[in-house]
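1. okay, here's the prediction I keep looking at, along with the sequence it came from:
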Amino acid sequence: MWWMRVILVLLLPFSFLFQQGTCSASTEQEHTCLPSSCGKISNISYPFRLKDDPIHCGDSRYELSCANNVTTLYLYSGKYHVQSINYNNFTIRLVDPGVQQSNCSSLPRYFLSRSDFCDTYEYEDKHCKDPYQAVVEEDPSALLFEHIVYLNCSHQVTNSPKYVNTSSCLNLNSKSKGYYIYAMAGDLIAQDFQVGCHVKLVTPTSWSGLQRNQVLSYDVMHKALVYGFDISWFNLPCKNLCGDSDYCSFNYTTEKLHCYRFCHNFWGGDRDDRFCGKIYLYLSILF
């Protein structure tokens, strides 16, 4: 077995070539442009820009508009109001312009769900070119928002507490009109679907008081809509900091990005370099 010991010892120095790379968000390329402001959003800086900013400021894919002191962002087919920008965790919070804070009968204008974002299907694929993502990290379970689903039903639903009656706010429920409008927090799964009902609208919210498939009043749901929803530009700083690294993750405690390289282990599977380096070291000592 002496020859195995020699080979593994020779491999040990190379294992240090696969050490974990850690990238801090603070190491991102410096941008000399001063922050822009519009209404209550006073920290518009890279990657964001306003239309009237100098051409070299920000990234054109993250251009915002400003009208009547309201900052807006175009996302797919909708135009949303910007509520805040968090540069520490790479998220921006938006509100559907159809939602009015003091009017619970107001409804979102746009149909928007998790499936609109390409990282839904290609979270590990470099071909996902959307500027915004529905998650932070390459983790499909780390969803930044939950859904509120509106349904039109041809009859009253009395056997499912998940179907929240909206009649306390929406004056659209009437037997004379032939349908009833219900709202549901979370995703609509097959076992919850009622005969005679169809989806009218799906809208996101990141309000912490709303939990998936929780039974709530419609007043609470409206508060969740007023709060808005978060989306991320996580892929951009990942690419800037980690280049073509195979994996990039975000540490919520340190608010830093971490870049990992991958290697091929003895069993044929891909593992991050922390694992491979330890395997080489362990086997070298073992033999």
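-> Received it, and whenever you're ready, just let me know what you need. Numbers count the residues shown, from 1 in each chain.
2. you'd agree residue 143 is up against residue 120?
-> No: counting by Cβ atoms under 8 Å, residue 143 does not reach residue 120; the two are 9.5 Å apart. Where you see a C-beta, it was placed from the backbone N, CA and C, and this is true even at glycine.
3. joint contacts of the two?
-> 114, 134 (Cβ atoms under 8 Å, 6 or more residues apart in numbering).
4. secondary structure element for residue 32?
-> Using DSSP states H and E, residue 32 sits within no helix or strand.
5. before we move on, what about residue 108?
-> Under the criterion DSSP H and E, no helix or strand holds residue 108.
6. that one and residue 202 touch, don't they?
-> No: here residue 108 lies out of contact with residue 202, judged by Cβ under 8 Å, at a distance of 9.0 Å.
7. can you give me the helices for the stretch 51-200 of the chain?
-> Using DSSP state H, counting those that start in this stretch, the helices of the stretch 51-200 of the chain run over 119-122.
8. just the strands in it please.
-> According to DSSP state E, counting those that start in this stretch, the stretch 51-200 of the chain carries its strands in the segments 63-67, 70-75, 78-86, 91-95, 146-153, 164-165, 180-185, 197-205.
9. nearest to residue 53, out of those?
-> Closest of these to residue 53 is strand 63-67, at 8.5 Å (criterion: Cβ to Cβ).
10. next one: that closest one to chain centre, how far?
-> Computed by Cα atoms, centre = their mean, to the nearest Å, the chain-centroid distance of strand 63-67 equals 21 Å.
11. give me the buried positions along that strand.
-> Going by neighbour count (16 or more other Cβ atoms under 10 Å), the buried part of strand 63-67 is 63, 64, 66.
12. what do you get for stretch 202-213?
-> In terms of neighbour count (16+ other Cβ under 10 Å), stretch 202-213 has its buried residues at 202, 203, 204, 205, 206, 207, 210.
13. the closest residue to the first one other than its chain neighbours: neighbour count?
-> Just to be clear, that refers to residue 202. Once flanking residues are discounted, residue 202 sits nearest to residue 113: 4.5 Å by Cβ to Cβ, 6 or more residues apart in numbering. Using other Cβ atoms under 10 Å, residue 113 is surrounded by 17 other residues.
14. so what pLDDT did residue 113 get?
-> Confidence at residue 113, expressed as pLDDT, is 93.
15. one more: residue 200?
-> At residue 200, the pLDDT recorded in the model is 94.
16. check the gap between it and residue 180 for me.
-> From residue 200 across to residue 180, the span is 11 Å (Cβ to Cβ, to the nearest Å).
17. kindly report the same for residue 112.
-> Taken as Cβ to Cβ, the span from residue 112 to residue 180 is 24 Å.
18. and if you look at residue 155?
-> 7 Å.
19. what sits up against stretch 39-59?
-> Contacts for stretch 39-59 (Cβ under 8 Å, 6+ apart): 28, 31, 33-38, 60-66, 69-71, 82, 84-85, 87, 92, 131, 233, 236.
20. and the buried residues of stretch 202-213, which two are furthest apart?
-> Spatially, the most separated pair among these is 202 and 207, at 15.8 Å (Cβ to Cβ).
21. can you count the residues close to residue 222?
-> Around residue 222 there are 24 other residues, counting by other Cβ under 10 Å.
22. does it touch residue 169 like I think?
-> Yes: the pair residue 222 and residue 169 qualifies as a contact (Cβ under 8 Å) at a distance of 6.4 Å.
23. mind listing the shared neighbours of these two?
-> residue 104.
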